[in-house]
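[1] what's the 3D shape of this:
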Amino acid sequence: MADSDRWLHDYTAGLFDAGLPWCDGAQELLEALAAEGIPMALVTNTARSLTDRALKSIGHKYFAATVCGDEVARGKPAPDAYQRAATLLGLAPSACLAIEDSVTGTAAAEDAGCPVLVVPNDVAVPRGSRRHQISSLADVGVAELRRVFSELTSRCGERTA
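    Just a heads-up that it's a prediction; the model follows:
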């Protein structure tokens, strides 16, 4: 089992080192958010050693904080990583719009108290009152994220500054 784990880690590291492909609109959205000075956190179940390799491709510059699955007591679908990310950003989870592509990630963000923009990847993600679904980040800008955040928080009767 340990040999298989090492092989999988090494194989994944090689893929990350070769460069990660961008989902449509993701890089442009990160650039727009960074230009507006909006703090962002990367929340992943991936181990820190692999995440750091992935960030060489994606760019460390976008994220004020990163939280990896091996840095919290319980990974996704538990809320621990999102709660930690909000703390590192100095915000309440309810003040953070999570963007997720998976069932487990969406559950983790929602259970932490974050409204969630869901952009499903390969598996459909169930709808929910604190979730807004879109098929792609292409042509999504900061104004659209603010609108989605406002819609989701007002739907649940919350107010933010």
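[2] pLDDT wise, what is the nearest residue to residue 134 once chain neighbours are set aside at?
    Distances taken as C-beta to C-beta, 6 or more residues apart in numbering place residue 119 nearest to residue 134, at 5.8 Å, with adjacent residues excluded. For every residue, glycine as well, the C-beta is placed using N, CA and C. Looking at residue 119, its pLDDT reads 97.
[3] show me what contacts residue 119?
    23, 99-101, 133-137 (C-beta atoms under 8 Å, 6 or more residues apart in numbering).
[4] 7 Å instead, please
    Applying C-beta atoms under 7 Å, 6 or more residues apart in numbering, we find residue 119 in contact with 99, 101, 134, 136-137.
[5] cool, and residue 100?
    Applying C-beta under 7 Å, 6+ apart, the residues near residue 100 are 106, 109, 116, 118.
[6] secondary structure element holding the second one?
    Taking DSSP states H and E as the definition, one finds residue 109 inside helix 103-112.
[7] what's the farthest-apart pair in the contacts of residue 119?
    Greatest spatial distance among the contacts of residue 119 (C-beta to C-beta): 99 and 136, at 11.9 Å.
[8] okay, now residue 69: neighbour count?
    Residues contacting residue 69 under the criterion other C-beta atoms under 10 Å number 19.
[9] circling back to that earlier point, restrict the contacts of residue 119 to the buried ones and give me that as a PyMOL selection.
    Applying 16 or more other C-beta atoms under 10 Å to these leaves a buried subset, and the PyMOL line that selects it is:
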select buried, resi 99+101+134+137
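[10] turn the contacts of residue 119 into TSV, including secondary structure and distance to residue 64.
    TSV is the format used below for these (DSSP: H, G, I helix; E, B strand; the rest coil; distance: C-beta to C-beta, whole Å):
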residue	secondary structure	distance to residue 64
99	strand	15
101	coil	21
134	coil	24
136	coil	25
137	coil	20
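[11] now, among the contacts of residue 119, which is nearest to residue 91?
    Using C-beta to C-beta, the contacts of residue 119 come closest to residue 91 at residue 99, 15.2 Å.
[12] what lies in contact with the longest helix that the chain contains?
    In terms of residue count, the longest helix belonging to the chain (DSSP state H) is helix 2-17. Helix 2-17 has contacts (C-beta under 7 Å, 6+ apart) with 50, 53-54, 57.
[13] what residues sit buried inside it?
    12, 16.
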